[in-house]
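Colleague: 3D model of this:
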Amino acid sequence: MGSYVIRIKVLPTGPEVPYNAFLEGVKGNLTSEMSLRSSKEEPIAFGLYALVADIVAPDEEGMIDKVEKAVSGAPNVAQYEVTGVSRMSSTLKV
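Modeller: Sure thing, here's the model as predicted:
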């Protein structure tokens, strides 16, 4: 069984929210079946930034909705947008 890689762009409630605290809040709200693969800070304007995160989750029905719910429930999240979903193979055959 494979996994999804879900790219999600998350905006904080304001520029006063520290990036590291925001990232840890989102990461801490993920369930045990989800993991943060990578993340980066994307500047928007006037000190506001977006967190662009790649989250790995099992290839199960409804999993994307579960990831959205976990991210949207994190502290200081104002908005989020799923910008991409891809399947990731767990085994490679030669």
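Colleague: helix or strand: which one has Lys66?
Modeller: Secondary-structure assignment from DSSP states H and E places Lys66 in helix 63-72.
Colleague: any idea of the mean pLDDT in that helix?
Modeller: Per-residue pLDDT values over helix 63-72 give a mean of 96.
Colleague: try stretch 17-27
Modeller: Taken as a whole, stretch 17-27 carries a mean pLDDT of 96.
Colleague: tell me what the residue nearest the centre of the chain is bridged to.
Modeller: In the chain, the centroid-proximal residue (C-alpha atoms, centre = their mean) is Ala53; its distance is 4.2 Å. Beta-bridge partners of Ala53, counted by DSSP bridges, are Ile8, Ser39.
Colleague: residues contacting it?
Modeller: Taking C-beta atoms under 8 Å, 6 or more residues apart in numbering, we find Ala53 in contact with 7-8, 10, 23, 26, 36, 38-39, 71. To be clear about C-beta, it is placed using only N, CA and C from the backbone, and glycine gets the same treatment.
Colleague: can you confirm Arg87 is in a strand?
Modeller: Yes. Checked against DSSP: H, G, I helix; E, B strand; the rest coil, Arg87 lies within a strand.
Colleague: so it touches Ser3, yeah?
Modeller: Yes. At 7.4 Å, Arg87 and Ser3 qualify as touching, with contact defined as C-beta atoms under 8 Å.
Colleague: neighbour-wise, which of these two wins?
Modeller: Relative neighbour count places Ser3 above the other of Arg87 and Ser3, with 20 against 10, counting by other C-beta atoms under 10 Å.
Colleague: now that one: how far from Lys40?
Modeller: Here the distance between Ser3 and Lys40 works out to 20 Å (C-beta to C-beta, to the nearest Å).
Colleague: mind listing the strands for the protein?
Modeller: All strands of the chain, identified by DSSP state E, fall at 3-12, 35-45, 48-58, 77-88.
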